[in-house]
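J.: Structure for the following, please:
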Amino acid sequence: MNTTPSEHIVKSFDTELARLTGEIVRMGEIAVAQIEAAMDVLERRDSRAAERVIQNDDAIDSLEDMVGHDVVKLLIMRQPMARDLREVLSALRIASDFERIGDYAANLAKRSMVLNLAPPVSQARGLRALAELAAEIVREVIGAYRDRDAERAIIARARDAELDTLYTGMFRELLTYMMEDPRQITSCTHLLFMAKNIERIGDHATNVAENIWYLVHGDEPMPAREKRDFTTHA
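T.: Residues are numbered from 1 along each chain as shown. Got it, this is the predicted structure:
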């Protein structure tokens, strides 16, 4: 059966959107793998493997460039409106958030290399639970974006409060340890920055969730977000 020109345009646009979605999902998957790899090299104190984690960040950057190119192409050639325009704009924003998550994972690997120059600090083990939760949240928003599931995205967004609670607890624990043993101040300072990087990963996952809501529901108000990062009052 022959298709009309308008049907061809719709199918072509859908194909291009599907490719765009695939690129962004791949970005998210690489970012999660980077988070997990950064924790692995930290625990093994493997600086050579940490260098590979840092180098792998280029893959996410390349994908973001592809997304940006595809978005510009869609905007110029298709001139999308309404829901289609939200698809394109959300893609650009979500890609940016996944790129930043990849940057934070690379930062974790960089600081692990510095920590390897000093004796092991037992408090470093606390980062594992923090990173595992952050990775879970990122996985959830990847799935929510792939399936265009706004409700799943909001559930994932709510879990950022759990991450804030864990981060606040580790922040206070590290401060206490530094006061008790000033010799560990340098190492613990690096751990504090690493914990903050992981907390920021959660914030970017939250941004992704909010953009999924916007993609699906437009300007319809979303549920209020709970925050539990009390480190500014510690």
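J.: If you count contacts, what does the helix or strand harbouring I137 end up packed against?
T.: For I137, the host element (DSSP states H and E) is helix 126-147. Contacts defined by 3 or more C-beta pairs under 8 Å, 6 or more residues apart in numbering; DSSP states H and E place helix 126-147 against helix 5-44, helix 82-115, helix 150-158, helix 160-180, helix 185-217. C-betas here are computed from N, CA, C, even on glycine.
J.: and stretch 94-101, average pLDDT?
T.: For stretch 94-101, the mean pLDDT works out to 98.
J.: Pull out the CA atoms of it and give them to me as PDB.
T.: C-alpha atoms of stretch 94-101 as PDB (Å, rounded to 0.1, in the frame of the first residue of the first chain):
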ATOM      1  CA  ILE A  94      18.700  15.000  29.200                       C
ATOM      2  CA  ALA A  95      21.800  14.400  27.100                       C
ATOM      3  CA  SER A  96      23.400  17.300  28.900                       C
ATOM      4  CA  ASP A  97      22.600  15.800  32.300                       C
ATOM      5  CA  PHE A  98      24.000  12.400  31.300                       C
ATOM      6  CA  GLU A  99      27.100  14.100  30.100                       C
ATOM      7  CA  ARG A 100      27.500  15.800  33.500                       C
ATOM      8  CA  ILE A 101      26.900  12.500  35.300                       C
END
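J.: Turn the helices and strands packed on helix 126-147 into a markdown table, including distance to I76 and mean neighbour count.
T.: Listed next are those as a markdown table, based on distance: least, C-beta to C-beta, whole Å; neighbours: other C-beta atoms under 10 Å:
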| stretch | distance to I76 | mean neighbour count |
| --- | --- | --- |
| helix 5-44 | 12 | 17 |
| helix 82-115 | 11 | 21 |
| helix 150-158 | 28 | 20 |
| helix 160-180 | 36 | 17 |
| helix 185-217 | 21 | 21 |
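J.: May I see the ones you listed organised as TSV, with distance to R225 added?
T.: Listed next are the helices and strands packed on helix 126-147 as TSV, based on distance: least, C-beta to C-beta, whole Å:
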stretch	distance to R225
helix 5-44	20
helix 82-115	15
helix 150-158	6
helix 160-180	7
helix 185-217	7
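J.: These: which one's closest to L133?
T.: helix 160-180 (5.3 Å; C-beta to C-beta).
J.: Quick check: mean pLDDT of the closest one?
T.: Mean predicted confidence for helix 160-180 is 95.
J.: Equivalent analysis for stretch 201-215, please.
T.: For stretch 201-215, mean pLDDT is 97.
J.: who's in contact with D203?
T.: Shown in contact with D203 (C-beta atoms under 8 Å, 6 or more residues apart in numbering): D160.
J.: what's the pLDDT at the closest residue to R125 other than its chain neighbours?
T.: Leaving out its chain neighbours, the residue that sits closest to R125 by C-beta to C-beta, 6 or more residues apart in numbering is E43, at 7.6 Å. Looking at E43, its pLDDT reads 94.
J.: Tell me if I'm right that E43 and R128 touch.
T.: Yes - taking contacts as C-beta atoms under 8 Å, E43 lies within contact range of R128: 7.2 Å.
J.: what residue ranges in the protein score low on pLDDT?
T.: Low-confidence segments of the chain (pLDDT under 70): 1-10, 226-234.
J.: let's see it at 80
T.: By pLDDT under 80, the weakly predicted segments of the chain are 1-11, 78, 224-234.
J.: can you tell me which residue is nearest the centre of it?
T.: Residue closest to the average C-alpha location in the chain (C-alpha atoms, centre = their mean): I101, at 3.7 Å.
J.: Tell me how far it lies from L175.
T.: Look at I101 and L175: by C-beta to C-beta, to the nearest Å, they are 26 Å apart.
J.: Thanks again, I'm all set now.
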